[in-house]
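S.K.: this one's sequence-less:
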Ligand code: AMP
């Protein structure tokens, strides 16, 4: 877990490759659904672009379908889920039914740094590689170093949506920290500094939380 710009996507991918597990990134799943042309897709697209949260009901259907797939049978790394208390309760219910253990790691980053990371973020339209115009620019502006694809800004990385998303995180997702802390399932990791050092910190936190367990 972490506010937008905390590095969840980058760190989830690193952790998944270390642990040999799949990553389930709800933001990515929703963006994919949003590419279709159905009333639900349009609603999801608008919700994401405005920086609001997709409803818990819609999320419940999406996450249950995704976690039931074969590649999640022996655990997975969740990126961006849960984001609300009802989502956390739903995940615990699912975990109980399927014999998983849920552990949470929060990536902590100061707000001014988050804003810079989000406004500077650019994603390759071909391979999805992520750059940042302030911290990790491509060699040629607007072009991916790896495959020459155009680098695009996410629609929700505009200043109004960023403010909305960070405010919503404080309001809706911060209460989750207590939820997991009270049950001894929370690891807190400093998300600033070298990407590999952060990844090491997250791995240690996950190892401490999941010692002797198999699960999400
Ligand atoms: P992310 O890629 O994790 O930054 O998510 C991008 C956007 O997708 C969010 O701002 C929300 O609009 C939506 N989203 C992703 N995960 C969730 C979730 N668990 N609950 C509700 N909305 C979500």
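M.R.: Yes, it's here. Keep in mind the model is a prediction, meaning the values are calculated, not measured.

S.K.: can you count the residues close to the closest residue to residue 34 other than its chain neighbours?
M.R.: Counting by Cβ to Cβ, 6 or more residues apart in numbering, residue 34 lies nearest to residue 45, which is 4.0 Å off, once chain neighbours are set aside. (Each C-beta comes from the backbone N, C-alpha and C, glycine too.) For residue 45, the tally of surrounding residues (other Cβ atoms under 10 Å) stands at 18.

S.K.: again, but for the one 5 residues further on
M.R.: The local packing count at residue 50 equals 14, with neighbours defined by other Cβ under 10 Å.

S.K.: local confidence estimate at it?
M.R.: The confidence metric pLDDT takes the value 85 at residue 50.

S.K.: cool, residue 194 as well?
M.R.: At residue 194, the model reports a pLDDT of 92.

S.K.: cool, the one 10 residues further on as well?
M.R.: The pLDDT attached to residue 204 in the predicted structure is 96.

S.K.: part of a helix, is it?
M.R.: Yes - using DSSP: H, G, I helix; E, B strand; the rest coil, the secondary structure at residue 204 is a helix.

S.K.: ok, now how distant is the residue nearest to residue 34 from residue 33?
M.R.: When distance is defined by Cβ to Cβ, to the nearest Å, residue 45 is 9 Å away from residue 33.

S.K.: same check, this time on residue 64
M.R.: Look at residue 64 and residue 33: by Cβ to Cβ, they are 15 Å apart.

S.K.: just want to know which of these two has more residues nearby.
M.R.: residue 33 (18 against 14).

S.K.: so who does that one touch?
M.R.: When the contact criterion is Cβ atoms under 8 Å, 6 or more residues apart in numbering, the partners of residue 33 are 40, 41, 44, 62.

S.K.: try 6 Å this time
M.R.: Taking Cβ atoms under 6 Å, 6 or more residues apart in numbering as the contact definition, residue 33 lies against 41, 44.

S.K.: now swap in residue 183 and tell me
M.R.: The contact partners of residue 183, by Cβ under 6 Å, 6+ apart, come to none.

S.K.: and it, what pLDDT?
M.R.: We have a pLDDT of 94 for residue 183.

S.K.: what about whichever residue of the chain sits closest to the ligand, how many neighbours?
M.R.: Of all residues in the chain, residue 27 sits closest to the ligand, with a separation of 2.0 Å (Cβ to the nearest ligand atom). Burial of residue 27, expressed as a neighbour count using other Cβ under 10 Å, amounts to 18.
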